[in-house]
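> Kindly generate the corresponding structure for this input.
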Amino acid sequence: MSKFQTSSGLKYKNQQGVVAIKDGVKKSLDSLPIPSQPKPKWLKVSIPSGENYHELLQNVRTHDLNTVCEESKCPNLAECWSHKTATLMVLGNVCTRACKFCAVDTGNPHSWLDPMEPYKTAQSVAFMKLQYVVLTSVDRDDLEDGGANHIANCVREIKIRNPDVVVEVLSPDFAGSKVSLDVLLASGLDVFSQNIETVDRLTYFVRDPRAGYKQTLDMLEYSSKRNMITKSGMMLGLGETTAEVIATMQDLYSAGVSILTLGQYLRPTKYHIAMKQFVTPEEFHQYEQIGFELGFKEIVAGPLVRSSYRAERSFLSLLNRV
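Down below sits the predicted model:
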């Protein structure tokens with residue numbers, strides 16, 4: 001998989017002829033660099049290295065796969081890959097939406113799909129000898145079903161070749177389509193995940209207008225009512241209040257979410273929405289305690305936590321609590 005050396009915020013054309021914006025947010029003439037706040041010591045991460053990391057990197061390149069680890073500039077890439085754990089991104093690497101926090105490239109793929117992607121994804125899961133895999137994807141509003149059938153095919157191919165692997169899908173919202181969601185839920189996945197991302201008040205300013213706070217809650221509740229283990233995640237540090245975070249947690253619990261992740265928002269480029277504050281490890285711990293008191297079966301909270309971080313351990317912990 002070749003990477004285009006395009007500057008952040010600029011348009012480029014990929015190998016499929018799709019025009020996209022690098023890192024998802026267009027460079028603007030009036031975009032002035034905002035001075036970065038010095039990162040506290042608890043946000044220091046290691047440089048990717050190690051035999052397992054390089055082996056996994058080679059595998060991803062060989063099989064032309066996209067990982068959300070790379071596309072979203074995840075701070076846990078070094079830790080997860082060194083332990084041979086990865087989140088694979090399907091449906092390509094160009095998203096039809098432009099959320100202001102996300103560094104995935106944005107554009108219109110014009111219904112392009114890689115028909116070999118389900119096979120290649122299953123093959124890589126086998127080669128990496130994964131016991132738990134997280135599949136995520138870009139939003140594909142250019143497809144009639146939002147990509148539901150393609151993701152479902154990826155899940156089925158993984159299960160055929162790796163019958164014992166646990167598959168979590170961090171899913172797009174399919175524009176709220178329950179028909180598309182039914183297709184995915186019938187694929188054999190083990191965990192359905194969709195991130196609420198932020199509190200209700202900030203949703204319009206943080207997420208693409210086609211996303212929605214209530215829309216996400218509706219999809220999560222629909223999944224939960226079909227006896228699916230249901231998961232969601234939220235970023236902190238965007239200006240939300242403690243009361244708003246707790247209210248969102250209550251909404252998620254009421255929707256049937258079993259597993260919740262909370263992490264610090266880190267601005268991927270100067271063109272993305274600015275971070276408002278650092279949330280301390282102690283504050284994350286307090287939210288974790290509140291979540292368990294609300295009734296969540298499993299919560300992973302911390303400055304460097306992302307939705308797929310510690311996914312296998314969260315799943316096993318949930319099973320042990322049942």
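> need the longest strand for the chain.
strand 229-236 (DSSP state E).
> what's the neighbour count on residue 227?
For residue 227, the count of nearby residues is 9 (other CB atoms under 10 Å). For glycine as for every other residue, the C-beta is placed from the backbone atoms N, C-alpha and C.
> my bad, should have said residue 54
13.
> Could I get the pLDDT score of it?
Model confidence at residue 54, given as pLDDT, is 78.
> Next: the one 10 residues further on.
Among the per-residue scores, residue 64 holds a pLDDT of 69.
> again with residue 33
51.
> show me where pLDDT drops low in the stretch 201-322 of the chain?
310, 322 (pLDDT under 70).
> Helices along that one, start to end?
203-206, 213-224, 242-254, 281-294, 311-321 (DSSP state H, counting those that start in this stretch).
> Of all those, which one comes closest to residue 196?
Nearest to residue 196, of all those, is helix 213-224, at 5.2 Å by CB to CB.
> returning to what we had before: which one of the helices of the stretch 201-322 of the chain lies closest to residue 136?
Nearest to residue 136, of the helices of the stretch 201-322 of the chain and by CB to CB, is helix 311-321 at 10.8 Å.
> Pick the most buried one from the helices of the stretch 201-322 of the chain.
Most buried of the helices of the stretch 201-322 of the chain, by mean neighbour count (mean count of other CB atoms under 10 Å): helix 213-224, with a mean of 20.
> returning to what we had before: could you save the helices of the stretch 201-322 of the chain as CSV and add columns showing distance to residue 261?
Below are the helices of the stretch 201-322 of the chain laid out as CSV (distance: least, CB to CB, whole Å):
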stretch, distance to residue 261
helix 203-206, 17
helix 213-224, 13
helix 242-254, 11
helix 281-294, 10
helix 311-321, 8
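> of all those helices, which lies closest to residue 262?
helix 281-294 (5.6 Å).
> Measure how that closest one sits relative to helix 242-254, angle-wise.
Between the axes of helix 281-294 and helix 242-254, defined by axes from the mean of the first three to the mean of the last three CA atoms, to 10 degrees, the angle is 40 degrees.
> how far off helix 311-321 does helix 281-294 point, in degrees?
40 degrees.
> Contacts for helix 281-294, please.
With CB atoms under 8 Å, 6 or more residues apart in numbering as the test, helix 281-294 has contacts from 42, 236, 245-246, 249-250, 253, 260, 262, 299-303, 305.
> go again using 7 Å as the cut-off
42, 245-246, 249-250, 253, 260, 262, 299, 301-303 (CB atoms under 7 Å, 6 or more residues apart in numbering).
> and that helix, how far from the chain's centre?
22 Å (CA atoms, centre = their mean, to the nearest Å).
> CA-only coordinates of it in PDB, if you can.
The C-alpha coordinates for helix 281-294 follow below in PDB (Å, rounded to 0.1, in the frame of the first residue of the first chain):
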ATOM      1  CA  PRO A 281      -5.600  10.600  35.200                       C
ATOM      2  CA  GLU A 282      -7.300  11.300  38.600                       C
ATOM      3  CA  GLU A 283     -10.300  12.800  36.800                       C
ATOM      4  CA  PHE A 284     -10.500   9.800  34.400                       C
ATOM      5  CA  HIS A 285     -10.400   7.500  37.400                       C
ATOM      6  CA  GLN A 286     -13.300   9.400  39.000                       C
ATOM      7  CA  TYR A 287     -15.300   9.000  35.700                       C
ATOM      8  CA  GLU A 288     -14.500   5.300  35.800                       C
ATOM      9  CA  GLN A 289     -15.800   4.900  39.300                       C
ATOM     10  CA  ILE A 290     -19.000   6.900  38.400                       C
ATOM     11  CA  GLY A 291     -19.500   4.600  35.400                       C
ATOM     12  CA  PHE A 292     -19.400   1.400  37.400                       C
ATOM     13  CA  GLU A 293     -21.800   3.000  39.900                       C
ATOM     14  CA  LEU A 294     -24.200   3.800  37.000                       C
END
